[in-house]
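[1] coords please:
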Amino acid sequence: MTADPQFFRHGPGPFARLFVFALLACILIAEDLRFKQFPELRQAVGIVVFPLQKIAYIPTNIYDQIEKLIASFYLVEENQWLKQQYQEDREKLLKLQSLEAENVQLRKLLGAMQGIETDTHTQAVMAEILYTPRDPFNHKITLNKGSQHDIKLGQAVIDDQGIVGQITRIYPWSSEVTLLIDKNHSVPVQVVRNGLRSVISGTGKQDALLLRYLSVNTDIIPGDLLVTSGIGGIYPPGIPVATVDKIERDPVDDFAHIIGTPIAGVDRNRQVLILSLTPPPADELAETVKIESQSK
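    Okay, here's the model as predicted:
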């Protein structure tokens, strides 16, 4: 009788194998729980299996790193976009604030223009400052209005607060203004409180004017407001010029040393008004002469 080939032999059935392995597993579990005989074997198996686990996790780790790299790329791109958007929004906000401040200044100048034209026989032309001096010893500014805009030498320049200076040089489309603080510039003024008249001159300093030709016993105090007196026909009367800041009285000197602080300033705005005195209408002039003759 011939024996069957090796590859045709049948072993235990699948249910028998399942039963044997399940029984073996239960025995091992019971032994591990009650007798604790296999901790060294478990550690040895863990040491052997650990490299295999690391190798098995390599694809997952690579996928996680690629995902993080892609996410970081998108975050960097989004961060750059947000920075650019912030800069654009900040620039727009600064422009808006600048326009709002300029709008407020223009409204003030418009109010000053209407007040001057109503109260005095004066016309006002709005101009914009083109250049300001960088040299601390140069006290002149350049405006964007010149002879082509009927600007003439000697015209007064003001802002919404008070006197800025006087036109001293003219070009076709621009003009030069000598500021009030220049040493060679003087303005006839009077004290609002008591009507006392004098002349105030520049000192070359941004925040100091010198009130001249007042005796040591003159009735003037710190805080007095000085306005244009109208004498000389260049500056309309009643425009603020300065406030008295410091008074030094030395009995040895004939005149008091009085320092004032200018009210206007070209460092606070870009627009100014150029004033020109106009003669009063003929009927108003006749009425004035009639009133004066009756009073005599």
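[2] from here on, just use CA atoms for contacts and neighbour counts.
    Fine.
[3] so residue 157, which of the three states?
    strand (DSSP: H, G, I helix; E, B strand; the rest coil).
[4] tally of neighbours for it?
    For residue 157, the tally of surrounding residues (other CA atoms under 10 Å) stands at 25.
[5] what residues are bridge-paired with it?
    In this entry, residue 157 is beta-bridged to residue 165, residue 274, by DSSP bridges.
[6] who are the packing partners of the top helix by length along the chain?
    Ranked by residue count under DSSP state H, the longest helix found in the chain is helix 39-119. Here helix 39-119 touches strand 122-131, strand 271-277, going by 3 or more CA pairs under 8 Å, 6 or more residues apart in numbering; DSSP states H and E.
[7] any idea which of those is most buried?
    strand 271-277 (a mean of 22; mean count of other CA atoms under 10 Å).
[8] count the residues that sit near the nearest residue in space to residue 196 that is not next to it in sequence.
    In space, and not counting its chain neighbours, residue 196 is closest to residue 190: 5.1 Å by CA to CA, 6 or more residues apart in numbering. For residue 190, the neighbour count with other CA under 10 Å is 25.
[9] measure residue 190 to residue 164 for me?
    Distance, residue 190 to residue 164, by CA to CA, to the nearest Å: 17 Å.
[10] could you dump the helices and strands packed on helix 39-119 to JSON lines with mean pLDDT and distance to residue 215?
    Formatted as JSON lines, the helices and strands packed on helix 39-119 follow (pLDDT from 0 to 100; distance: least, CA to CA, whole Å):
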{"stretch": "strand 122-131", "mean pLDDT": "84", "distance to residue 215": "33"}
{"stretch": "strand 271-277", "mean pLDDT": "83", "distance to residue 215": "32"}
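[11] let's have the ones you listed in TSV, adding distance to residue 241.
    Shown next, in TSV, are the helices and strands packed on helix 39-119 (distance: least, CA to CA, whole Å):
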stretch	distance to residue 241
strand 122-131	17
strand 271-277	15
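[12] which residues does the residue nearest the centre of the chain contact?
    Central residue of the chain (CA atoms, centre = their mean): residue 94, 6.3 Å from the mean position. Residue 94 is in contact with no residue at all, counting by CA atoms under 8 Å, 6 or more residues apart in numbering.
[13] measure it to residue 87 for me?
    Using CA to CA, residue 94 is found at 10 Å from residue 87.
[14] quick one: low-confidence parts of the stretch 51-200 of the chain?
    Applying pLDDT under 70 to the stretch 51-200 of the chain flags the ranges 99, 101-103, 105-106, 108-109, 111-121.
[15] make it 90
    Within the stretch 51-200 of the chain, the stretches with pLDDT under 90 are 51-129, 131-139, 149-150, 154, 158-162, 183-185, 195.
[16] can you pull the contacts of residue 259?
    Applying CA under 8 Å, 6+ apart, the residues contacting residue 259 are 208-211, 244-247.
[17] meant to ask about residue 228, not that
    187-190, 235-241.
[18] so what's it closest to, chain neighbours aside?
    Per CA to CA, 6+ apart, closest to residue 228 is residue 189, 4.3 Å.
[19] next: residue 225.
    residue 243 (4.6 Å).
[20] surely that neighbour is in a helix?
    No. Using three-state DSSP, the secondary structure at residue 243 is strand, not a helix.
[21] how close does it sit to residue 200?
    Separation of residue 243 from residue 200 (CA to CA) stands at 11 Å.
[22] between those two, who's got more neighbours?
    Set residue 243 next to residue 200 and count neighbours by other CA under 10 Å: residue 200 wins out with 26 against 20.
[23] the more buried one: which element?
    Per DSSP states H and E: residue 200 is located in strand 197-202.
[24] residue 43: how many residues sit nearby?
    11.
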